[in-house]
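> Give me the fold of what follows.
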Amino acid sequence: MRALLSLHNAIFGLVERVGDWLLPMIARFLFLAIFFVYFWKSAMTKLGDGFFGFLFPSDGAYIQMFPRAMEAAGYDSSQLGVFYWAVAVAGTWAEIILPILIVVGLFTRIAAVGMIGFVTVQSLTDVYAAGHSKWGHWFDNVVEYDPAIKGVGLLDDRSLWVFLLLVIVIKGAGAISLDAILCRIYCRDKSLETEMA
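Numbers count the residues shown, from 1 in each chain. Next up is the predicted model:
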């Protein structure tokens, strides 16, 4: 039995050491493969026309972020105040910048925390402002979204999104990232280098 436990500990000790540097890179790759284009396309629908479209969100941005306020304003975003404009601009920029930072591995932990906040606000908007009738439930044997019921899988899906981002928050960007490169250049303290990468 002792030999079996030693073999088990040796194998999974190696798996754990490899996982320390591999897991954050897998998390970033999965974010790229699953979510990057989703958030990018969503952000592009929020940009206004012309060169300064990044400063003047489209009506689509306001409709996605403030569906009830836009309905009350007759779908005329010029009727909304500066608060709505500031939130729409900040949300659009966040939806563009934060995913890029995660994919390239720059300020990755901060970007992942920002994305967790973004997903939380997005989920709250989906449920309370956009009229999804249900969050869905854990432990309910339903794992996919059902448009007829609106939001059945929302809690399930968004929990997995946040878990993926938490892996990045906890483990960092990994060895192949701009964070790791910058830390190799600028970190004098070895403990800081381990913390950053």
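> the longest helix in this structure is where?
As assigned by DSSP state H, the longest helix anywhere in the chain is helix 2-30.
> For that helix, name the packing helices and strands.
With contacts taken as 3 or more CB pairs under 8 Å, 6 or more residues apart in numbering; DSSP states H and E, helix 2-30 sits against helix 154-171. In this view, the C-beta of every residue, glycine as well, is placed from N, C-alpha and C.
> So which bits of the helix it packs on are buried?
Residues 154-158, 161-162, 164-165, 167-169, 171 are the ones in helix 154-171 that count as buried (16 or more other CB atoms under 10 Å).
> Run through who's touching it.
For helix 154-171, the surrounding residues in contact (CB atoms under 8 Å, 6 or more residues apart in numbering) are 20, 23-24, 27-28, 30-31, 35, 102, 108-109, 112-113, 115-116, 119-120, 122-123, 126-127, 132, 134-138, 142-143, 145.
> between that helix and helix 2-30, what angle do the directions make?
Relative orientation of helix 154-171 and helix 2-30, computed by axes from the mean of the first three to the mean of the last three CA atoms, to 10 degrees: 110 degrees.
> what about whatever helix or strand comes next after helix 154-171, average pLDDT?
Tracing the chain C-terminally past helix 154-171 and defining elements by DSSP states H and E, one meets helix 178-186 next. Averaging pLDDT along helix 178-186 gives 90.
> Need the residue closest to the centroid of this structure.
Most central in the chain under CA atoms, centre = their mean is Met115, positioned 3.6 Å from the mean C-alpha point.
> so what does the host helix or strand of that residue touch, helix or strand wise?
Using DSSP H and E, Met115 maps to helix 108-124. Applying 3+ CB pairs under 8 Å, 6+ apart, we find helix 108-124 packed against helix 82-104, helix 154-171.
> Check Leu4 and give its pLDDT.
83.
> cool, Thr194 as well?
Note on Thr194: pLDDT of 55.
> One more: Leu160?
Looking at Leu160, its pLDDT reads 91.
> Just the buried positions in stretch 24-37, please.
Applying a neighbour-count criterion of 16+ other CB under 10 Å, one finds Pro24, Met25, Ala27, Arg28, Phe31, Phe35, Phe36 buried in stretch 24-37.
> actually stretch 86-105, not the one I wrote
Within stretch 86-105, the residues that count as buried by 16+ other CB under 10 Å are 87-89, 91-92, 94-96, 98-99, 101-105.
> contacting residues around it?
The contact list for stretch 86-105 (CB under 8 Å, 6+ apart) reads 28, 31-32, 35-36, 39-40, 42-43, 46-47, 54-55, 57, 61-62, 65-66, 107-108, 110-112, 114-115, 118, 121, 168, 173-174, 176-180.
> Only the buried subset of these, as a ChimeraX command please.
With 16+ other CB under 10 Å as the criterion, this ChimeraX line picks the buried residues out of these:
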select :28,31,35,36,39,42,43,46,47,57,61,62,65,66,107,108,111,112,114,115,118,168,173,174,177,179,180
